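Colleague: No letters, just coordinates:
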């Protein structure tokens, strides 16, 4: 069983007036087969948490630790984190001109698996994953994210997840920009990966829209860089009914 453990994590970013602390002591544990949701208002530190775990160089870890199956994640390079079983579906995936989806995915699979999949087997595997996400096989010959719609970018992220089979997958604002049909297809893909590979999920969102499609056992509310409340699905229902206003007193108390 995989286990991602974040302890007392502090993260800063460089601003115009010097370093600014974004995360102010985050504690979180995600295990195989679990779905955790990080919710909070814009600017609360949700995406910062995802990028810090993935190893984005802009985010400086100033305190605390991150471990995957007991191994120090902070000592790993970005590619070593991926090989270890961490996966990040970014809110705004970047374009990679001149690199086809097929070549990109096969290269990534080779790095994670330690050997290149045989081409014939790979094509069968990739086409099966494309079909499960209702994507045309011709999609694999397009350049990565070049000219993709918002829905295509998000489906491509889930396609990567299906093929790379991570231990822990972090999905940052996956529902952003998706229409109802695209959200359904993407959510079905996420649920399928979790059920098939026992992947642990960390979903980051600021609305409850995604949770209607992907059931979550644990919900955490982050405000001003701290988790101010944790609970089950009922916590998301509270947010839906009351917004984030009711969590501000707890955030103010935590800041003292």
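Modeller: Cool, got the structure. All values reported here derive from a predicted model rather than from experimental measurement. Numbering: from 1, shown residues only.
Colleague: List the buried residues of stretch 165-185.
Modeller: 165-175, 178, 182-183, 185 (16 or more other CB atoms under 10 Å). To be clear about C-beta, it is placed using only N, CA and C from the backbone, and glycine gets the same treatment.
Colleague: So for it, mean pLDDT?
Modeller: For stretch 165-185, mean pLDDT rounds to 88.
Colleague: Pull the distance from it to the chain's centre.
Modeller: Relative to its chain's centre, stretch 165-185 lies at 9 Å (CA atoms, centre = their mean, to the nearest Å).
Colleague: ok, now stretch 146-164?
Modeller: 13 Å.
Colleague: likewise stretch 118-127?
Modeller: For stretch 118-127, the distance to the chain centre is 26 Å (CA atoms, centre = their mean).
Colleague: got the buried residues for it?
Modeller: Neighbour-count burial for stretch 118-127 [16+ other CB under 10 Å]: 122, 125, 126.
Colleague: and the second one, what does it touch?
Modeller: In this case it means residue 125. 117, 163 (CB atoms under 8 Å, 6 or more residues apart in numbering).
Colleague: Confirm that it lies within a helix, as I assumed.
Modeller: Yes. Under DSSP: H, G, I helix; E, B strand; the rest coil, residue 125 falls within a helix.
Colleague: Tell me which stretches of this structure form helices.
Modeller: 46-54, 78-84, 101-113, 119-132, 150-164, 180-197, 233-242, 248-255 (DSSP state H).
Colleague: I'd like to know which elements the second one is packed against.
Modeller: Of the remaining helices and strands, those touching helix 78-84 by 3 or more CB pairs under 8 Å, 6 or more residues apart in numbering; DSSP states H and E are helix 46-54, helix 101-113.
Colleague: if you average pLDDT over the first one, what comes out?
Modeller: Which is helix 46-54. The predicted confidence, averaged over helix 46-54, sits at 94.
Colleague: Measure how far it is from the centre of its chain, please.
Modeller: So, by CA atoms, centre = their mean, the centroid of helix 46-54 is 8 Å from its chain's centroid.
Colleague: tell me what that helix is packed against?
Modeller: Helix 46-54 packs on strand 3-15, strand 18-31, strand 35-39, strand 59-68, helix 78-84, strand 86-89, strand 168-172, strand 200-204, going by 3+ CB pairs under 8 Å, 6+ apart.
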